[in-house]
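> Pasting the sequence and the predicted coordinates here, then a few questions.
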Amino acid sequence: MDLKKLASALITDTDLLPIEEYEKIYPERVRGEKAEVTRLAPSPTGFIHLGNLYSALADERSAHTTGGVFYLRIEDTDEKRKVDGAVESVIRSLKYFGIDFDEGAEIDSPLNKYGPYYQRQRAKIYRAFVKDLIERGLAYPCFCTEDELNAVRDKQTQEKKTTGYYGEYAKCRNLSEEEIYKNLAEGKPYVIRLKSQGSVENKIIFRDAIKGEVTVTENDQDVVILKSDGIPTYHFAHAIDDHFMRTTLVIRGEEWLSSLPVHIELHKVLGFKPPRYAHTCSLMKMDGDTKRKLSKRKDPELSLDYYRKAGYFPKAVVKYLMTILNSDFEEWSLKNPDGDYRDFKFRIEKMGKSGALFDLEKLNDISRTEISKLSPEDCFAFLKSWVDEFGTDADKAHFKDEKYIIKVLALIMGAGGKKRRKDIERAEQGVRLIDYFFDDTFKPDYTFRFDDATVNCVLDVFADMYDPADDNSVWFAKVKSIAPLIGFASEMSEYKANPEAFKGNVSDVAEILRIAVTGMPNSPDLCTIMNILGKERSLARLRAARR
RNA sequence: GGCCCUGUGGUCAAGCGGUUAAGACGGAGCCCUCUCAAGGCUCAAUCUCGGGUUCGAUUCCCGACAGGGUCACCA
């Protein structure tokens, strides 16, 4: 068979470059010996999720801790699944979490020498190589229809054979020259398949950067490399792109491990040296009593928007992910509480081999801790940016009074250092936490544990003696002085020594006042709260709480 | 079902032939204390199961079991 003629009949482009040219167009990168070139290669199919961020972080850290390059490539080979604005969304979302690309699609950079970074725009490159493969007898056209393929698969399933297009099932593999040209003349659609040279009898031992030695079976499937629309499949595009974009480390989910034999063979027939691979475990979630991969459809917490709306501190999400990525990060972080996570020595090899259950509790803890480290001013800025986007009208009005809120935050956060509080977990919850500092959102729950006469007595007596000029100790002395009036102990030690002798103690007096002023039985320092509210409002609240 | 990956407390996990089997989150308790938070201290809780190899296995090998992934003209 005249393969050259066949190749020209199948791949009709007339402007393809000789394949050797591409080695010159995309030369080896100049880089340090250990510098890794990594990439994030999402398909623009929807919105970026936590798994992408997780993977992006591993890529970004691998590149930047070694002095390498991290770029963005868009895998848009499946037109059906394309969503407008997805690329911008990827870049924006990652930026929100502090991750930037050095190079790639929609990235303004002088490094952009390995583009185009959209696979659809690289069609000529792929076709040049497919054509070469056909000429070398390593690829062939397949005219099988979907129905025929399904029928074969059903038969294979029934006979308990391995499914797929291989060996005796590869009908079009040995089509005669005239059959091919006849089909072509009839205008039958076709795909190009790899003519696999492998055999499942052979095992390949391959070294994964995370999993270590992995034993796989050689590929014998005649996989599709060029779809009927002339666009390559993922497998083929991956081999070409990661070679010519000079990627050194491919980090991807472990769901790709099973197609590794295909990729190995593809690299081999194309004459490329494969990159190093790192197959990461997926983020899992508990569903009933079994684990499963976090799913886009079922789990809202997979969406990055979820974290933005809930007002998680972006750095906290990143730090949480870092603890899963390299478990010794947590220890490092404890030793360097104010350190930048970028100073941590991230290594892809330290990644865990088993899938981690996503732990929202731990994220919450990290988020609380990170927010507690902010100054009241920075915390205000963080909450304000959340309020601007997701807050109610009341929130927006409140946040116009920056000075007042900063005063409130200084209290809530225990500013000053030693008595730091961790009350704010997320912006959404933090904003609700300060509602009682504003009259329009003050929604008290007057559930007192004492009779009305006692409550009123405490309220009235304290209102009479309250003086905003009092410092904390004078303020508290006054609270204590009320106790004996209603048969409460003014000293805790007294009360503990003989609880039967009293109806209550100072803390109960304070509780009555606290419920009146804040509407809740628990709060930060009451004296300071009254101070921030001011005399008039404080007294008004004491009055309003009378039974 | 075939193939591949994984298997240490509730969760994330350190460990790499001999350890009282780290640490963190969560839980319980105590202290501190006007409540809460924070902080300090203490406690409970783990090597999936069989066989080997070895003087000795959580660690190495084999098998079972369990969980996960994958078997497209989707990535």
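Done, it's in. Numbers count the residues shown, from 1 in each chain, chains lettered A, B, ... in the order given.
> in chain A, which spans are strands?
In order along the chain, chain A carries the following strands (DSSP state E): A:37-40, A:69-72, A:103-104, A:139-142, A:191-194, A:203-208, A:212-217, A:224-226, A:249-253, A:276-280, A:284-287, A:290-293, A:488-489, A:504-505.
> does RNA strand B sit close to the third one?
No. Between strand A:103-104 and RNA strand B, judged by CB under 7 Å from any atom of the strand, nothing touches; the nearest distance is 14.5 Å. (C-beta placed from N, C-alpha, C; glycine too.)
> Report all helices and strands that that strand contacts.
Packing contacts for strand A:103-104, counted by 3 or more CB pairs under 8 Å, 6 or more residues apart in numbering; DSSP states H and E, involve strand A:69-72.
> Quick check: neighbours of the strand it packs on in the sheet, parallel or antiparallel?
In the sheet containing strand A:69-72, the strands it pairs with under DSSP bridges are strand A:37-40 (parallel), strand A:103-104 (parallel).
> before we move on, the earlier item: which of the strands of chain A sits most buried?
strand A:37-40 (a mean of 26; mean count of other CB atoms under 10 Å).
> Residues of the stretch 101-250 of chain A that sit close to RNA strand B?
Within reach of RNA strand B by CB under 7 Å from any atom of the strand, the stretch 101-250 of chain A has these residues: A:144-146, A:149, A:153, A:160, A:162-165, A:189-191, A:211-212, A:214-217, A:224, A:227-229, A:231, A:233-234.
> follow-up on the earlier one: want to throw the strands paired with strand A:69-72 into TSV with distance to A:D343 and mean pLDDT?
Converted to TSV, the strands paired with strand A:69-72 look like this (distance: least, CB to CB, whole Å; pLDDT from 0 to 100):
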stretch	distance to A:D343	mean pLDDT
strand A:37-40	19	97
strand A:103-104	23	96
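> Tell me, please, where in the stretch 1-150 of chain A the pLDDT is lower than the cut-off.
Applying pLDDT under 70 to the stretch 1-150 of chain A flags residues A:46.
> and if we set it to 80?
Filtered on pLDDT under 80, the stretch 1-150 of chain A yields the residue ranges A:46-47, A:79-81.
> For RNA strand B, what's the nearest residue on it?
Relative to RNA strand B, the nearest point of the stretch 1-150 of chain A is A:E75 (3.0 Å; CB to the nearest atom of the strand).
> Not counting residues beside it along the chain, what's closest to that residue?
A:S43 (4.5 Å; CB to CB, 6 or more residues apart in numbering).
> List the contacts of the one you found.
Neighbour list for A:S43: A:I74, A:E75, A:D76, A:T77, A:D78, A:R81 [criterion: CB atoms under 8 Å, 6 or more residues apart in numbering].
> which among the residues you listed gets closest to A:S327?
Set against A:S327, the nearest of the contacts of A:S43 by CB to CB is A:E75 (30.3 Å).
> Name the nearest residue to A:D305, sequence neighbours excluded.
Closest residue to A:D305 apart from its sequence neighbours, by CB to CB, 6+ apart: A:F47 at 7.2 Å.
> how about the helices of the stretch 301-450 of chain A, start to end?
Defined through DSSP state H, counting those that start in this stretch, the helices belonging to the stretch 301-450 of chain A, from first to last, are A:304-309, A:314-325, A:329-335, A:360-372, A:376-390, A:393-398, A:402-412, A:427-433.
> quick one, which of these is packed in tightest?
Among the helices of the stretch 301-450 of chain A, judged by mean count of other CB under 10 Å, the one packed with the most neighbours on average is helix A:314-325 (a mean of 22).
> Averaged pLDDT, that helix. What do you get?
Helix A:314-325 comes out with an average pLDDT of 95.
> neighbouring contacts of stretch A:224-241?
A:41, A:73, A:75, A:77, A:79, A:119-120, A:122-123, A:125-127, A:129-130, A:133, A:139, A:142, A:189-194, A:223, A:247, A:250, A:259, A:262-263, A:266-267, A:270, A:272.
> 7 Å instead?
Applying CB atoms under 7 Å, 6 or more residues apart in numbering, the set of residues contacting stretch A:224-241 from outside is A:73, A:75, A:77, A:119-120, A:123, A:125-127, A:129-130, A:139, A:189-194, A:223, A:259, A:262-263, A:266-267, A:270, A:272.
> would you put the C-alpha positions of that stretch in PDB?
Output in PDB follows, covering the C-alpha atoms of stretch A:224-241 (Å, rounded to 0.1, in the frame of the first residue of the first chain):
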ATOM      1  CA  VAL A 224      -8.400   7.000  18.500                       C
ATOM      2  CA  ILE A 225      -5.900   9.700  18.100                       C
ATOM      3  CA  LEU A 226      -7.700  12.000  15.700                       C
ATOM      4  CA  LYS A 227     -11.500  12.400  16.000                       C
ATOM      5  CA  SER A 228     -13.700  12.700  12.900                       C
ATOM      6  CA  ASP A 229     -13.800  16.400  13.300                       C
ATOM      7  CA  GLY A 230     -10.000  16.500  12.700                       C
ATOM      8  CA  ILE A 231      -9.300  17.300  16.400                       C
ATOM      9  CA  PRO A 232      -7.100  15.000  18.400                       C
ATOM     10  CA  THR A 233      -8.200  13.200  21.500                       C
ATOM     11  CA  TYR A 234      -6.700  14.100  24.900                       C
ATOM     12  CA  HIS A 235      -4.200  11.300  24.700                       C
ATOM     13  CA  PHE A 236      -2.600  12.400  21.500                       C
ATOM     14  CA  ALA A 237      -2.800  16.100  22.300                       C
ATOM     15  CA  HIS A 238      -1.200  15.500  25.700                       C
ATOM     16  CA  ALA A 239       1.800  13.700  24.100                       C
ATOM     17  CA  ILE A 240       2.400  16.400  21.600                       C
ATOM     18  CA  ASP A 241       1.800  19.400  23.800                       C
END
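> Could you check it and say which residues are buried?
When neighbours are counted by 16 or more other CB atoms under 10 Å, the buried residues of stretch A:224-241 are found to be A:224-227, A:231-241.
> ok, now stretch A:151-165?
Residues of stretch A:151-165 classed as buried by neighbour count (16+ other CB under 10 Å): A:V152, A:G164, A:Y165.
> coming back round to it: can I have the buried ones of the contacts of A:S43 as a PyMOL selection?
Taking 16+ other CB under 10 Å as the burial criterion, the selection of buried members of these in PyMOL is written as:
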select buried, chain A and resi 74+75+76+77+78
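> okay, the contacts of A:S43 in TSV with distance to A:W386 next?
Putting these into TSV (distance: CB to CB, whole Å) gives the following:
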residue	distance to A:W386
A:I74	30
A:E75	33
A:D76	33
A:T77	37
A:D78	35
A:R81	32
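> which stretches of the stretch 101-250 of chain A form helices?
Secondary structure of the stretch 101-250 of chain A by DSSP H, counting those that start in this stretch: the helices cover A:123-135, A:146-158, A:177-185, A:234-244.
> and those as a markdown table, adding distance to A:S385?
What follows is the helices of the stretch 101-250 of chain A, written out as a markdown table (distance: least, CB to CB, whole Å):
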| stretch | distance to A:S385 |
| --- | --- |
| helix A:123-135 | 42 |
| helix A:146-158 | 50 |
| helix A:177-185 | 60 |
| helix A:234-244 | 37 |
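> Could you point out which of these sits nearest A:R92?
Each of the helices of the stretch 101-250 of chain A was checked against A:R92 via CB to CB, and the shortest separation belongs to helix A:234-244, namely 23.6 Å.
> Taking strand A:249-253 as reference, get the angle to that closest one.
Going by axes from the mean of the first three to the mean of the last three CA atoms, to 10 degrees, helix A:234-244 is angled at 150 degrees with respect to strand A:249-253.
> Please point out which parts of stretch A:342-354 sit buried.
Here stretch A:342-354 shows A:F344, A:F346, A:I348, A:M351 as buried, counting by 16+ other CB under 10 Å.
> The third one and A:A58, how far apart?
In other words, A:I348. With distances taken as CB to CB, to the nearest Å, A:I348 is found 7 Å from A:A58.
> what sits in contact with each of the two?
When CB under 7 Å, 6+ apart defines a contact, the residues bordering A:I348 and A:A58 alike are A:I251.
> how long is stretch A:531-547 from one end to the other?
In terms of CA to CA, to the nearest Å, the two terminal residues of stretch A:531-547 are separated by 24 Å.
> actually stretch A:280-300, not the one I wrote
Using CA to CA, the span of stretch A:280-300 from its first residue to its last is 22 Å.
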